[in-house]
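Participant: Here's a sequence, model it:
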Amino acid sequence: MTRDHIGKTPASVSCLCAMYRKFINKALNKTRGMLWVMKRMGIDFGTKKIGIALTDDAGRMAFPHEVVPNDGKFLSYIESLVTQRGVAEIVIGHSLNNDGQANPVHKLVEEFMLDITLSIGIPVHLEPEYYSSQQAMQLQGKNKQIDASAAAIILDSFITKQKN
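Facilitator: All right, here's what the predicted structure looks like:
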């Protein structure tokens, strides 16, 4: 090596660095936005019925899934659905009165959140759900899937906030 090369990067090293940067940028572009991508479940919790919604595999779009009775089997059903569908987090409608105070449904939701967190161990989030059932009725009319549609509205609201 001569004195002319001291402090200079050989062309082959510069080429390798450029190729490496290009590779890393390409890999980052492929995974950009995928770090938060996951299947999610939305729940519209009621005293008699519970609406369930699921996202697509990418976690970007919410779809009504089904309405199930709020009975003693509900927790075990949610556990099995989470396992079968590969759900990574749950979003539950945050039920408050118009004045922002907790209502009787909210107290049941808190109990359910504790139970589901202890049994499954995945993140559980609350999302405001003012009039989600009424929104669902306006969109599709009154039918048996209203609560599932309300769960999809709640879940979609959460997803939208996460994107921004």
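
Participant: how about stretch 91-111: buried residues?
Facilitator: Buried residues in stretch 91-111, counting neighbours by 16 or more other Cβ atoms under 10 Å, are found at Val91, Ile92, Gly93, His94, Ser95, Leu96, Val105, His106, Val109. Where C-beta positions appear, they are placed from N, C-alpha and C, glycine not excepted.

Participant: quick one: which of the residues you listed sit in helices?
Facilitator: Mapping the buried residues of stretch 91-111 onto helices (DSSP state H) picks out Val105, His106, Val109.

Participant: I figured the first one hits Lys49, correct?
Facilitator: Right, the one you point to is Val105. No - applying Cβ atoms under 8 Å, one finds Val105 not in contact with Lys49, separated by 11.8 Å.

Participant: what's Ala102 sitting at in phi/psi?
Facilitator: Main-chain torsions, Ala102, degrees, to the nearest 10: phi -60, psi 140.

Participant: Can you give me the distance of the closest residue to Ala102 other than its chain neighbours to Ile90?
Facilitator: Spatially, and ignoring its direct neighbours in sequence, Ala102 is nearest to Leu96 (6.2 Å; Cβ to Cβ, 6 or more residues apart in numbering). In this view, Leu96 and Ile90 are 19 Å apart by Cβ to Cβ, to the nearest Å.

Participant: cool, and Lys144?
Facilitator: In this view, Lys144 and Ile90 are 23 Å apart by Cβ to Cβ.
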